[in-house]
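> need the 3D shape of this:
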Amino acid sequence: MILPRDHQADYDQFAEREAPSTASYPPAFLEYVFYASLTYAYLGQVWGIVIPAVGGVILLLNAVACLLSVAAQSLRSYRPVALAFCTGILVIVLQLLFHSLTTQAFSEGLGIVMWLELLIIIQSLSLRPGFLHRFALVALAIGVSCLPYLDLRRVGGIVRAWASGTGLSNPNVLGQWFGFCFVYLLFLSIQSQRSFLRTVFGAAAVGCLYVVTLSVSRAPLVGIALACIVGFRHMLKRSFLSLVLFATVVCLVYISGVFDEEISQYTSRGVEETGRGRLWPAALARILDSPWIGRGLGDTRIPPTWAKGLWHNPHNSFLYLALAAGVFPLICYLQYLARVAIGCLHLMQRVPVGEAALLPPLFVFALFEMVVDHYAFMSPWTIVVCCLTASINYNNACRGPMISERTV
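Here you go, the predicted model:
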């Protein structure tokens, strides 16, 4: 990435301060294996290459290899996400000690184990310079590869996009995935000093936003708005022309009528009740019935309250963890996210260039999705953002304040 000369020295110093204190990090092939496993998980079914248990075995072996690759510095490497590990381990232990292992519980428990494996892999790979950029481009490639399988379905009078057969089959997951790609590409285009790259990244961002609108999922749009508020906070003065150009392009696209149909779908869905106003109090009541050990991974759904015969997920990751295993895992996870949030605030006060400057808006987007979706905290892109933010904050805390630090 090319930076203005007056900021290049600041960024060089910033990058040096943010880099791990040791040059030891996982080899490149482990990162490639991680990307291959993600591609297999999200596209294996539609490509007809699914083999039972293969994906899980590859993920496990990759996690073990990543752990061994940083064995000499494992304590320092994994300390930033230690509370996240405590969360997952407590959920599994409490499930095994106090709750029955039903089919639903086994499936949910497998998801928690895979989350722990992803934490090990991603936290290790976050030591590699430029990991966020490579991951985001792979995520974009996976998302684009899912587009040929989009299927527009009318549900409740609203047409939504479903990437049938892929890992993005659910419209909400589809909107979150492309919402992450949009936030990343938007701020990457603003940072880029080459007109060609700015145009390419900006156009790709608009394309991602269009897919988000096809999902007719409200949460990603709100998350994007919050991310933009945070991301533009320090960039407005330096990138005013870029922002004006981007706003002009968005206005032209809007005037052209390309989004008219999607806007009408959002208008129709906007009058619908999200259901969270009833789900969350009902979930809280169930948590209070068993606050210390939860109700088990097999009993996290909310009984039907207004829709006969339908059970609903809590649509909130914090309520999900409390329902599954009680308040102790929830406290660990809240402390972990609090540390990540503090790291995000610290990053917002630093020189707003490079990879680190992309993390605050991405974290705000991820945090909002975790509030409105119970599985969002397990998504690979969410783990990447949280691990990188936590690690940078921890490294800075160990080293002390950055030299010549200033707010732009």
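> going forward, measure contacts and count neighbours with C-alpha atoms only.
Noted.
> please name the nearest non-neighbouring residue to residue 214.
Nearest non-adjacent residue to residue 214, counting by Cα to Cα, 6 or more residues apart in numbering: residue 161, 5.5 Å away.
> CA-only coordinates of whichever helix or strand the one you found is part of, as CSV, when you get a sec.
For residue 161, the element it lies in under DSSP states H and E is strand 158-163. Extracted in CSV, the C-alpha atoms of strand 158-163 (Å, rounded to 0.1, in the frame of the first residue of the first chain):
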residue,chain,number,x,y,z
ILE,A,158,-40.2,-10.6,0.8
VAL,A,159,-37.7,-11.7,-1.8
ARG,A,160,-34.3,-12.6,-0.2
ALA,A,161,-31.1,-14.2,-1.6
TRP,A,162,-30.1,-17.6,-0.4
ALA,A,163,-26.7,-19.1,-1.5
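> just checking: what are the partner strands of that strand?
Sheet pairing here is set by DSSP bridges, and for strand 158-163 it gives strand 150-155 (antiparallel).
> let me know the pLDDT of residue 260.
pLDDT recorded at residue 260 is 47.
> cool, and residue 407?
pLDDT at residue 407 comes out at 30.
> now do residue 205, the pLDDT please.
At residue 205, pLDDT is 94.
> what sits up against the one helix or strand it maps to?
Take DSSP H and E as the rule and residue 205 turns out to sit in helix 195-215. For helix 195-215, contacts defined as Cα atoms under 8 Å, 6 or more residues apart in numbering pick out 160-162, 171-172, 174-176, 178-179, 181-183, 185-186, 188-190, 192, 220-221, 246, 250, 259, 262-263.
> which parts of that helix are buried?
197-199, 201-206, 208-215 (16 or more other Cα atoms under 10 Å).
> right, and the helix or strand after that helix?
Counting by DSSP H and E, the element after helix 195-215 in chain order, helix or strand, is helix 218-231.
> gap between that next one and the chain center?
Its chain's C-alpha centre and that of helix 218-231 lie 13 Å apart, by Cα atoms, centre = their mean, to the nearest Å.
> repeat for stretch 278-286
Worked out by Cα atoms, centre = their mean, stretch 278-286 lies 25 Å from the chain centre.
> contacts for that stretch, please.
302, 312, 314-316, 319, 323.
> can you flag which of those residues belong to strands?
When DSSP state E is applied, the contacts of stretch 278-286 are split such that none fall in strands.
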